[in-house]
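Engineer: I'll drop the sequence and a predicted model, then ask my questions.
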Amino acid sequence: MCTLIIFGFAYSFSLVVFYPCTNQFDYTIETCGGACYESEPFWGILDWVVTAVGPLCVIIVSNMILVGRVFIQRRKMMRANVWRHNLALLIQLLLITTLHCAAWLPVCIVSLISQAEVSSSQVIQELQNNWILVSPIYLSIIGCPIVCIFALPELKDKFRLTIVYQWRHYMNHRINPTRTSIMFHT
């Protein structure tokens, strides 16, 4: 793990500092630009594969292996109480993975296409320039705690009790109109 961290810093530092090109930043657009090596076809694709596509593929493959192991263990054990606990964890894992993949997969595919093609299509350029493809990444980051709350039964029950308590507290302290009686004078 330490080797990967050191390699990551050395790789990024050496490409940003020592690569023979000039960085040009345009501060008038949403993204002012990255390091100049990213505009080179080989280094840009390699960097994107190592930093975005590679980890996404590792997440997908490792989660598929983990889900397969859970199903194999289920067939071996056949215990209902253990299976219920594993099912809750499996649902949480699948929800988080689906959220992550739904956000990152379109971005990775479109970015690789636009970096590989010299003249990428107008639609891809428009999607990237208007942040339509980047926005789901932030939704995945925001949505992960919500998925965790609804996937864990302990947190879900606490969350439900908190809402019910606040609703009861609100209903008990409401100010209602008092009963009025009208007297007619004759």
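Structural biologist: The structure has been received and is ready for your questions.
Engineer: Now do the top helix by length along the chain: which elements does it pack against?
Structural biologist: Secondary structure assigned by DSSP state H gives helix 80-116 as the longest helix of the chain. In this structure, helix 80-116 makes packing contacts with helix 41-48, helix 54-77, helix 122-129, helix 135-151, judged by 3 or more C-beta pairs under 8 Å, 6 or more residues apart in numbering; DSSP states H and E. In short, each C-beta sits where N, CA and C put it, glycine included.
Engineer: Distance to I6, mean neighbour count and mean pLDDT added to those, as a markdown table?
Structural biologist: A markdown table is the format used below for these (distance: least, C-beta to C-beta, whole Å; neighbours: other C-beta atoms under 10 Å; pLDDT from 0 to 100):
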| stretch | distance to I6 | mean neighbour count | mean pLDDT |
| --- | --- | --- | --- |
| helix 41-48 | 17 | 16 | 82 |
| helix 54-77 | 17 | 12 | 84 |
| helix 122-129 | 32 | 13 | 68 |
| helix 135-151 | 26 | 14 | 77 |
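Engineer: Arrange these in a markdown table, one row each, with distance to S14 as further columns.
Structural biologist: Compiled in a markdown table, the helices and strands packed on helix 80-116 are given as follows (distance: least, C-beta to C-beta, whole Å):
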| stretch | distance to S14 |
| --- | --- |
| helix 41-48 | 11 |
| helix 54-77 | 19 |
| helix 122-129 | 27 |
| helix 135-151 | 27 |
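Engineer: Identify the residues contacting stretch 143-158?
Structural biologist: For stretch 143-158, contacts defined as C-beta atoms under 8 Å, 6 or more residues apart in numbering pick out A88, I91, Q92, L95, I96, L99, H100, F159.
Engineer: If we use 6 Å, what do you get?
Structural biologist: Residues lying outside stretch 143-158 but in contact with it, judged by C-beta atoms under 6 Å, 6 or more residues apart in numbering, are I91, Q92, L95, I96, L99, F159.
Engineer: which phi and psi does A35 have?
Structural biologist: Recorded main-chain torsions at A35 are phi -70, psi 150, according to degrees, to the nearest 10.
Engineer: quick one: contacts for it?
Structural biologist: Contact criterion C-beta under 6 Å, 6+ apart gives V16 as the residues in contact with A35.
Engineer: Equivalent analysis for the one 10 residues further on, please.
Structural biologist: When contacts are counted by C-beta under 6 Å, 6+ apart, I45 touches Q115.
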